[in-house]
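Asks: Sharing a model prediction with you, sequence too.
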Amino acid sequence: MLRVQRYAARQIAMLRQIGAMTRCQYSNTAIHDISHAKAQERLAQTSDEDTVAVDHLVIGAGVVGLAVGRQLSQRTGASTLVVDKNERLGMETSSRNSEVIHAGIYYPQDSLRTQLCIEGKQALYEYCAHRNVPYKRVGKWVVAQNGTQEEYLHKLHAHCKSVGVPAEIIGESQARRVEPQVSARQALVSPTTGIVDSHALMAALHGDLVDNGADLATNSRVIAISAAGGGKGYRVLVATSDPDTPFMALRAGVVVNAAGLWADRIAGLLVPEAHPWRTRYRLHYAKGRYYMYTPHASSIRVSRLVYPVPDKHITSLGTHLTIDLGGAIRFGPDFQWVSSNSDYAASEDPVLLEDAARSIAQFLPGISAADLSPGYTGIRPKLQGPGGAFRDFVISEESADGFPGFVNLVGIESPGLTASLAIARMVDRLV
């Protein structure tokens, strides 16, 4: 069934139409599906009387979509609806990551990934403190093992200075005194890096948006979008798992595509096959496995995050050591290009454990494959394809392409969680 969560009596007529589909809390019934052509035809045939009107429609209830929904729901007199195809919020990238609050040290100075990470980091720390979301500033080291990597650290340190992010470089002897089990000829220390309970963060954002009178509909997959007549917003068809109301038609003045791993496909629903968005916004999928530390051959104690030097295109930050809020150690993610954006299977292949252990042992020599066990996996939505150069976030209000009030958020990978509140503010300014 379609689930709608709400706490306000605003927009009574709209809520009655949506609320007619709330038969139970969640349902395992498959969402109804039809071809794109038939979905567009069905949408075109739906009358205005059978269409639910909202001011803002946000597609995707991960951390970014929830932050955007929360931000837009603060507008007086406007209605906001967040929809997600999954049974619960944040079931994809937002809940399958390292849960790190990044400092904003890696990416080009003028990139959105740097600017929004730095702004979002401060906003996130303040929000977590205000809303009692568990977090901790644990700090982070980026460690160098040879001369080439030391040169990279010094360039990274200069970059930190240029963007105003606190950082310092320490030598081998000081690093050994602080973290005796970590191997590093030099380490760049990032004191403003932290960790956060991503699930508690999403729950808080959700609570805020519904307290503001917005609505969240799960089990709701967007299957067709078209521009409404007269340039007045967009008509959207949503497929649900409700056997009584399998499809819901919406009319939204503003549409925000925050669909994460599916953002390129959502954007594609609005344009023909030959449209530039089809290549400009095409996503590539990078699967990363996490490994839990279950000591057998070693006893590791580390009090901060430890990262290797990343590859030259910053495709990945490398298999790193993170700690959770309970102090437990985990490693990951590793990196593999994949064709599927939904295959989260965790491999039991011992070769992968050996490979991970070898990567980790470069900065943590005491580790062995016997200390690792397969954990969870995540998939990153990357605009940057195999061998490709750095690609920035896409945060684009599409008036220039003839779609005013339609905002595409594409390629929102790391540091998207850290930047989520800043992304929401930017979207608010754009629309």
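Replies: The structure has been received and is ready for your questions. Since this is a predicted model, take the numbers as computed values, not measurements.

Asks: Could you give the backbone dihedrals for the residue nearest to Pro295 when sequence neighbours are not counted?
Replies: The spatial neighbour of Pro295 that comes closest, neighbours along the chain excluded (Cβ to Cβ, 6 or more residues apart in numbering), is Asp371 at 5.5 Å. (Glycine included, C-beta is placed from N, CA and C.) According to degrees, to the nearest 10, the main-chain angles of Asp371 amount to phi -90, psi -10.

Asks: and Asp371, how many neighbours does it have?
Replies: Applying other Cβ atoms under 10 Å, we find 23 other residues in the vicinity of Asp371.

Asks: was I right about it contacting Tyr293?
Replies: Yes: the pair Asp371 and Tyr293 passes the contact test of Cβ atoms under 8 Å, sitting 6.0 Å apart.

Asks: where do the contact lists of these two overlap?
Replies: When contacts are counted by Cβ atoms under 8 Å, 6 or more residues apart in numbering, Asp371 and Tyr293 have Ile300 as shared neighbours.

Asks: just checking, next helix/strand downstream of the lowest-mean-pLDDT helix or strand in the chain?
Replies: Ranked by mean pLDDT, DSSP states H and E, the helix or strand of the chain with the weakest confidence is helix 12-19, at a mean of 42. Once the chain leaves helix 12-19, the next helix or strand it forms, by DSSP states H and E, is helix 36-45.

Asks: which of the residues in that following helix are buried?
Replies: Of the residues in helix 36-45, those buried under the neighbour-count criterion (16 or more other Cβ atoms under 10 Å) are Ala39, Gln40, Arg42, Leu43.

Asks: mind checking the backbone torsions on Ala167?
Replies: The main-chain torsion angles of Ala167 are listed as degrees, to the nearest 10 and equal phi -170, psi 150.

Asks: any idea what sits nearest it, other than its immediate chain neighbours?
Replies: Cys160 (3.8 Å).

Asks: Tell me if I'm right that that neighbour and Tyr106 touch.
Replies: No: contact between Cys160 and Tyr106 fails when scored by Cβ under 8 Å: they sit 9.8 Å apart.

Asks: How much space separates Arg70 from Leu216?
Replies: The gap separating Arg70 from Leu216 is 11 Å, by Cβ to Cβ, to the nearest Å.

Asks: any residues in contact with both of the two?
Replies: Between them, Arg70 and Leu216 share these contacting residues under Cβ under 8 Å, 6+ apart: Leu209.

Asks: More neighbours: the two, which one.
Replies: Arg70 (26 against 23).

Asks: what's near enough to touch the more buried one?
Replies: When contacts are counted by Cβ under 8 Å, 6+ apart, Arg70 touches Leu205, Asp208, Leu209, Asn212, Ala214, Ala424.

Asks: With Tyr125 instead?
Replies: For Tyr125, counting by Cβ under 8 Å, 6+ apart, the contacting residues are Ile101, Tyr135, Arg137, Gly194.

Asks: repeat for Ile300
Replies: Gln181, Tyr293, Ile329, Leu364, Gly366, Ile367, Asp371.

Asks: so the third one touches Ile323, yeah?
Replies: Read it as Ile329. Yes: in this structure Ile329 lies within contact range of Ile323 using Cβ under 8 Å: 5.6 Å.

Asks: shared neighbours, those two?
Replies: Contact criterion Cβ under 8 Å, 6+ apart; residues bridging Ile329 and Ile323 by contacting each: Val302.

Asks: what about the helices in the stretch 301-431 of the chain?
Replies: Along the stretch 301-431 of the chain, counting by DSSP state H, counting those that start in this stretch, helices occupy 350-361, 416-430.

Asks: now the first one: mean pLDDT?
Replies: Meaning helix 350-361. For helix 350-361, the mean pLDDT works out to 93.

Asks: export it as PDB, just CAs?
Replies: As requested, the backbone C-alpha atoms of helix 350-361 are provided in PDB (Å, rounded to 0.1, in the frame of the first residue of the first chain):
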ATOM      1  CA  PRO A 350      37.900 -15.100   0.100                       C
ATOM      2  CA  VAL A 351      39.900 -13.500  -2.700                       C
ATOM      3  CA  LEU A 352      38.000 -10.200  -2.000                       C
ATOM      4  CA  LEU A 353      38.800 -10.500   1.700                       C
ATOM      5  CA  GLU A 354      42.500 -11.000   0.800                       C
ATOM      6  CA  ASP A 355      42.500  -8.000  -1.500                       C
ATOM      7  CA  ALA A 356      40.900  -5.800   1.100                       C
ATOM      8  CA  ALA A 357      43.300  -6.900   3.800                       C
ATOM      9  CA  ARG A 358      46.300  -6.100   1.500                       C
ATOM     10  CA  SER A 359      44.900  -2.600   0.800                       C
ATOM     11  CA  ILE A 360      44.300  -2.000   4.500                       C
ATOM     12  CA  ALA A 361      47.600  -3.400   5.600                       C
END
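
Asks: buried stuff in that helix?
Replies: Under 16+ other Cβ under 10 Å, the buried positions of helix 350-361 are Leu352, Leu353, Ala356, Ala357, Ser359, Ile360.

Asks: Not counting its neighbours along the chain, what's nearest the third one?
Replies: Read that as Ala356. Sequence neighbours aside, Tyr291 is the residue nearest to Ala356 in space, at 5.4 Å (criterion: Cβ to Cβ, 6+ apart).

Asks: low pLDDT regions in the stretch 251-400 of the chain?
Replies: Low-confidence segments of the stretch 251-400 of the chain, defined by pLDDT under 70, span residues 297-298.

Asks: Next: the stretch 1-150 of the chain.
Replies: By pLDDT under 70, the weakly predicted segments of the stretch 1-150 of the chain are 1-29.

Asks: which stretches of it form helices?
Replies: For the stretch 1-150 of the chain, the helices identified by DSSP H, counting those that start in this stretch occupy 12-19, 36-45, 63-72, 112-131, 147-163, in order along the chain.

Asks: Quick one: those helices as CSV, columns for distance to Asp311 too.
Replies: As requested, the helices of the stretch 1-150 of the chain are arranged in CSV below (distance: least, Cβ to Cβ, whole Å):
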stretch, distance to Asp311
helix 12-19, 46
helix 36-45, 37
helix 63-72, 25
helix 112-131, 16
helix 147-163, 11
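
Asks: what bridges to Pro308?
Replies: With DSSP bridges applied, Pro308 shows beta-bridge pairing to Val143.

Asks: For it, give me its contacts.
Replies: Pro308 is in contact with Val142, Val143, Gln145, Gly318, Thr319, His320, Ser359, Gln362, Phe363, counting by Cβ under 8 Å, 6+ apart.
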